[in-house]
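Quick one: sequence plus predicted model below, questions after.
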Amino acid sequence: SRLANIEKDKNGHLYNRKSDFRVEYSILEELEHSMTVSRKTEKAKILQQLSKIQNNVKRLQQQLKDVKPTPEFVDKLKEMMEEVENAINAFKEEQRQIYEQLLKEEKTVINELSVFERKVEQWALGSSTTEKVLKLSSARVSVDKTLGNHLPAEVVEFERFLQRTGGRQGGWDDYDHQNFLKVRTKHKGRLSYVDEALEYLCGRTKEDIEQHDKWYQEFLILHERKKESIKKWKEKQRQEKEGNLKEKAEKMLKEAWLQREEAQKQKAAEERKRQQAAIEAWKKQKAIAFAMEQASQLKLEEEKEKKQQKERQRQCHMKLLLERYTLQKKEKEELEKLEKEKREEAEKEERKRIAAEEITKFQER
């Protein structure tokens with residue numbers, strides 16, 4: 001119901017055709033429409049991926065109901081399991097990348113909103129000097145040191161504190177910081193809140209919370225000093241305006257700012273050109289060195305492969321020679337053994353013949 005009321009108020013103010021800012025707001029309307037279409041498309045894509053994974057899982061479950069102890073069935077089951085696992089891993093990886101991108105975009109938006117908030121506070125000072133102190137950046141906010149001298153010291157100190165410690169949430173994301181404030185407020189700042197806060201702040205340790213508490217105490221002190229300083233500074237500006245000093249100071253400061261800004265732009269442009277030239281030269285040198293290294297490595301690998309192939313051929317040839325020599329030697333030994341047996345057999349027969357002749361001669365006598 002609350003969301004519907006907010007949506008109704010938004011449409012009433014922004015998209016009212018009678019509004020004087022209809023042309024500007026129509027851009028927001030188109031952007032909202034394109035983002036809605038994009039979300040629906042992304043939702044349909046996710047549902048389609050989940051449906052495909054679900055069907056694969058059902059197929060796998062169906063196969064498991066009728067298990068067959070065959071190699072073909074095991075291979076098929078393994079293939080289906082790998083297919084399901086790969087689909088799930090791919091889906092998780094894609095969603096993780098989308099989530100990380102959304103976190104980065106959320107952080108950028110929070111930083112930008114924080115900048116606008118501080119900028120509005122500076123506008124409250126009533127001086128055009130402070131309107132140029134803060135510059136919007138997608139990643140960080142810097143306080144100009146020169147113009148910082150024209151702001152109350154407490155304001156500069158507070159801004160530098162935010163820049164140094166990670167913004168208005170002390171480097172924490174909005175979800176953790178809001179939970180921290182909720183529990184701390186519930187316990188009225190007493191350290192007994194730390195144990196309960198641990199239940200809400202997953203991934204944060206007791207030391208993290210105590211350190212964040214110290215940061216928040218310093219944040220409150222500096223923020224209060226800033227508010228008091230702005231109040232005093234506004235009173236001083238009012239008095240200076242009565243003395244017609246403010247207009248003269250603003251004019252001089254504006255001229256100095258414009259001159260300084262122009263000089264910085266020119267210097268930044270020259271520095272970018274120099275850095276770009278250096279980067280291009282470095283890239284070219286790295287590319288040449290990489291190509292030479294690859295060519296050298298390839299040549300070494302080819303030579304190594306040739307040597308290994310030659311060595312394998314030599315070893316194969318030696319093995320064949322050795323086998324041939326061993327075979328010839330074996331055949332020679334068997335032949336010699338056979339000839340020796342024949343000689344021994346012949347000698348044996350000869351001895352028998354001689355003995356028989358001797359016996360015959362002996363008997364004839």
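Perfect, thanks for sending it. Numbers count the residues shown, from 1 in each chain.

next helix or strand past the host helix or strand of Gln211?
Taking DSSP states H and E as the criterion, Gln211 maps to helix 206-242. Per DSSP H and E, the first helix or strand lying C-terminal to helix 206-242 is helix 246-364.

what mean pLDDT would you report for that next one?
Averaged across helix 246-364, pLDDT comes to 89.

and the residue nearest to Phe73 when sequence neighbours are not counted, which of the three is it?
Leaving aside its chain neighbours, Phe73 sits nearest to Val67 (7.2 Å; criterion: C-beta to C-beta, 6 or more residues apart in numbering). Glycine gets a C-beta too; all of them are placed from N, C-alpha and C. Secondary structure, DSSP: H, G, I helix; E, B strand; the rest coil: Val67 is coil.

how many neighbours does Val67 have?
Counted with other C-beta atoms under 10 Å, the neighbours of Val67 add up to 10.

Now do Glu72 against Glu79, distance only.
11 Å (C-beta to C-beta, to the nearest Å).

so where's the stretch 51-200 of the chain uncertain?
124-151, 189 (pLDDT under 70).

which residues in it form strands?
With DSSP state E, counting those that start in this stretch as the definition, the stretch 51-200 of the chain shows no strands.

Test my guess that the residue nearest to Phe73 contacts Val74.
No: counting by C-beta atoms under 8 Å, Val67 does not reach Val74; the two are 9.3 Å apart.

can you pull the contacts of Ala281?
The contact partners of Ala281, by C-beta atoms under 8 Å, 6 or more residues apart in numbering, come to none.

ah, wrong one, I meant Leu298
Going by C-beta under 8 Å, 6+ apart, the list of residues near Leu298 is empty.

Check Leu198 too.
Arg204, Lys206, Ile209.

Highest neighbour count among these?
Counting neighbours by other C-beta under 10 Å, Ile209 comes out on top of the contacts of Leu198 with 22 neighbours.

pretty sure it is touching Val194, no?
Yes: look at Ile209 against Val194 with C-beta under 8 Å: they come within range, at 5.3 Å.

hmm, back to that, for the residue nearest to Phe73, grab phi and psi.
When quoted as degrees, to the nearest 10, the phi and psi of Val67 stand at phi -80, psi 130.

Spatially nearest residue to Ala197 (excluding sequence neighbours)?
The shortest distance from Ala197 to any non-neighbouring residue, by C-beta to C-beta, 6+ apart, is to Val183 (4.4 Å).

Around the one you found, how many other residues sit close by?
Other residues lying near Val183 total 19 when counted by other C-beta under 10 Å.

Then Ser296?
The number of residues packed near Ser296 is 10, by other C-beta under 10 Å.

swap in Leu258?
Residues near Leu258, counting by other C-beta under 10 Å, number 11.

now the one 3 residues further on
Using other C-beta under 10 Å, Glu261 has 11 other residues around it.

how far away is it from Ala269?
Look at Glu261 and Ala269: by C-beta to C-beta, they are 13 Å apart.

Great, nothing more from me.
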